[in-house]
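Enquirer: Next input, structure requested:
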Amino acid sequence: MVAEAVGRWKSNGERSAYFARREAAKVLGSVLEGDARRQAVGSIKSLIYRPCIRNKKATFALVCQTLKHLPIIKDVLDAATILNAKWKRQQDLIYIITYDILFGQAVSLVGDAEKFLMHRKDALQTALARLLVKKNVKTPQDLVDLYRIPEVSKPRYVRVNTLKMDVDSALLELGQQNMVEKDNMVPDLLILPPSTDLHNHPLVTNGSVFMQGKASSMVAAALDPKPGWEVLDACSAPGNKTVHLAALMRGKGKIIACELNKERVIRLKETIKLSGASNIEVLHGDFLNCNPNDSSFSKVKYNVLCLHSYGL
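Expert: Numbers count the residues shown, from 1 in each chain. Model prediction:
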């Protein structure tokens, strides 16, 4: 794949764009495969933050924008009938490049796949124009709005950090300005209306409550660790799950929090500091490289895994 572009790069920008499109195609493929199997593969951000992704910002933007336009891209490609068996086998890369040609900047299009689609740019644009007419809309953004699945309003969840505050006190204070109720599954989780904005609320900024989804909160609740346990969190950042474990353990025992990414380690430490937890040891490194026979892990009772981060 790299050989196809050797000698063609006129600048570092071309080289960077070439690799970003291919990295984006891999991430997009993982996301679409997970959707097809109805099996979570992790958030886009978690896939982007893997060490193998070099140009994270550009890759993230390409994946998100391609997904946003994907129904349109598929219809355009079907209508244009330009793909043979070879390129259908590389459909994730084709989706990325088609987005770049029709809706993106279409710059630095170096590579065999890019060349193939650029030679058929007129056919793609004609198919897009016909789709606009067929759907009776004027602009590509109108198409995006037309294809968009209506969002279901979800409640706002906050988890009470019982290291700093009890649930009833949080319920009382938050209830002064909002409708609040306790979750029926996670004891320290509160439910507020979807439109509730708590980003600058004192209880959030001082770490008394954490804005944390129900699915994330259920991990520690399901484990229900007891005070004095030793627990290993295999992929900790940003740390909400980790400090939830600490709260359930009442700050007693030990949590070994593993995180591979250097930038996310910083975020993890900030979360721990905000929570007030004092029984968490941060380990900057790959959990898969940990030696289970190491005496440091001899008392570990349970291992909390974020499975999609390791492709499991």
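Enquirer: Wait, Pro155 touches Ile191, no?
Expert: Yes. Shown here, Pro155 and Ile191 form a contact pair, counting by CB atoms under 8 Å, at 4.9 Å. (Glycine included, C-beta is placed from N, CA and C.)
Enquirer: which residues in the stretch 51-200 of the chain form strands?
Expert: Applying DSSP state E, counting those that start in this stretch to the stretch 51-200 of the chain gives strands spanning 156-160, 181-182, 189-192.
Enquirer: got any ranges where the stretch 51-200 of the chain has weak pLDDT?
Expert: For the stretch 51-200 of the chain, applying pLDDT under 70 flags the ranges 106-108, 149-152.
Enquirer: To what extent is the closest residue to Thr98 other than its chain neighbours buried, counted in neighbours?
Expert: Take Thr98 and drop its neighbours on the chain: the residue closest to it by CB to CB, 6 or more residues apart in numbering is Ile73, 5.1 Å away. Using other CB atoms under 10 Å, Ile73 has 24 other residues around it.
Enquirer: And for Ala127?
Expert: Neighbours around Ala127, by other CB under 10 Å: 21.
Enquirer: Next, the contact list for it, please.
Expert: Contacts were defined as CB atoms under 8 Å, 6 or more residues apart in numbering; by that measure Ala127 touches Asp75, Val76, Leu77, Ala79, Ala80.
Enquirer: for Lys68, same thing?
Expert: Val144.
Enquirer: ok, it to Asn200 distance?
Expert: 29 Å (CB to CB, to the nearest Å).
Enquirer: do Lys45 as well
Expert: 23 Å.
Enquirer: coming back round to it: okay but the residue nearest to Thr98 is in contact with Ile97, surely?
Expert: No. Using CB under 8 Å, Ile73 makes no contact with Ile97, being 9.9 Å away.
Enquirer: re earlier: what about Lys45 and Asn200, which has more around it?
Expert: Lys45 (13 against 7).
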